[in-house]
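In: Just the structure for this:
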Amino acid sequence: GGGRRGGGADLPEEIDTPKVHQSLLAGLLSHVGLKDAQKNEYLGARGAKFALFPGSALFRKPPRWVMAAELVETSRLWGRIAGRVEPEWVEPLAQHLVKRSYSEPHWEKKQAAVMAYEKVTLYGVPLVTSRKVNFGRIDPALSRELFIRHALVEGDWQTHHQFWRDNQRLLTEIEELENRARRRDILVDDQTIFDFYDARVPADVVSGRHFDAWWKKVRRERPDLLTFTRELLMNEGRGGVDEADYPDEWQADGVTLPLTYTFDPGTAADGVTVDIPLPLLNQVPAETFDWQVPGLREELVVALIRSLPKALRRNFVPVPDYARAALAAMPAGEEP
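Out: Prediction:
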């Protein structure tokens, strides 16, 4: 320390350089202190509290971080022969001593990765309180699960892969079939889709970048590995929904009109909507639509039977059985 007491802390200004302090810091890691914002004292190793010695050159304008050549206890614990340090100097020198903890692992679409907040402490002194880090190398298993759930199942990522576009198209078709059939039990739940990907994506794929590298190799030999099938996405025992029962078009007096479907009870668009061009509006009789689409006819007849006066209605119980029998006996579309 050039013959100076304390090995060069509280050095004259002309030689008080960061390099000198960093050199000394390697041997004084347990004498680092972080200033308390409310009090004129420092938090030191293992919960110790110390103050800068009044004779220190730093006493009048104490820095946020210091190291002390010695800690001496008299009327209180004093840090003697102190020098200004920065926390980013401490961490590289104390890799073997710091403790790291992580909180709030979460998926980030922009990074296509799971991120978390890192806290780094040295003997209980917080060097880093909330640094965002990639969580994939810290907890690969959880990161993989969150990647599959958020990116592959929920679609919270940006990707160019063909299998993804094909899968989204098929999901949309089945969701549309649910709208048409007025049911929410045709499409399988998210867990089924998660299990599909979980069985195929390897353990080391923990982010979008890892996935892209893996899929680039695998798709050459197994291009259909991650492509959905209708059988996968449609619940078994769904009641045999026939897409022909919910047509895209309606024939009315030789005119073809487009149909759309919405399943949102209580709203104006709920049910089947037919789009009629304005010039044709007075040429298409309302009775044309009496028969509804085939998939909703039984529901319509049930509602009509239940609207009968009670004296009549009680002759047709159970109503669904009579509705099916009535439909079977009436040629569709021949009469109102």
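
In: Pretty sure P285 sits against D253.
Out: Yes. The pair P285 / D253 is scored as a contact, 7.5 Å apart, by Cβ atoms under 8 Å. The way it works is simple: take the backbone N, C-alpha and C, and place the C-beta from them, glycine included.

In: For my notes, confirm L177 occurs in a helix.
Out: Yes. Checked against DSSP: H, G, I helix; E, B strand; the rest coil, L177 lies within a helix.

In: how much space between it and L170?
Out: Noted for L177: a distance of 11 Å to L170, by Cβ to Cβ, to the nearest Å.

In: Look at these two and report which has more neighbours.
Out: L177 (21 against 17; other Cβ atoms under 10 Å).

In: Verify the stated contact: the more buried one with I186.
Out: Yes. Between L177 and I186 there is a contact under Cβ under 8 Å: 5.9 Å.

In: Can you pull the residues that touch both of these two?
Out: Each of V241 lies in contact with both L177 and I186 under the rule Cβ atoms under 8 Å, 6 or more residues apart in numbering.

In: residue ranges for the helices of the stretch 1-150 of the chain, please.
Out: 18-25, 87-93, 140-147 (DSSP state H, counting those that start in this stretch).

In: looking at the ones you listed, which is buried most?
Out: By mean neighbour count, with neighbours taken as mean count of other Cβ atoms under 10 Å, helix 140-147 ranks first of the helices of the stretch 1-150 of the chain at a mean of 18.

In: from the chain's centre, how far out does that helix sit?
Out: Computed by Cα atoms, centre = their mean, to the nearest Å, the chain-centroid distance of helix 140-147 equals 12 Å.

In: Just the CA atoms of it, as CSV, please.
Out: Extracted in CSV, the C-alpha atoms of helix 140-147 (Å, rounded to 0.1, in the frame of the first residue of the first chain):
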residue,chain,number,x,y,z
PRO,A,140,-34.9,-25.5,-17.3
ALA,A,141,-37.9,-27.7,-16.2
LEU,A,142,-40.1,-24.8,-15.2
SER,A,143,-39.0,-22.7,-18.2
ARG,A,144,-39.9,-25.5,-20.6
GLU,A,145,-43.3,-25.8,-19.0
LEU,A,146,-44.0,-22.1,-19.3
PHE,A,147,-42.7,-22.0,-22.9
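
In: Please enumerate residues in contact with it?
Out: Here helix 140-147 makes contact (Cβ under 8 Å, 6+ apart) with 105-107, 113-114, 135-136, 201, 203-208, 211.

In: Go through those residues and name the one nearest S56.
Out: Of all the contacts of helix 140-147, F135 has the smallest distance to S56: 41.8 Å, by Cβ to Cβ.
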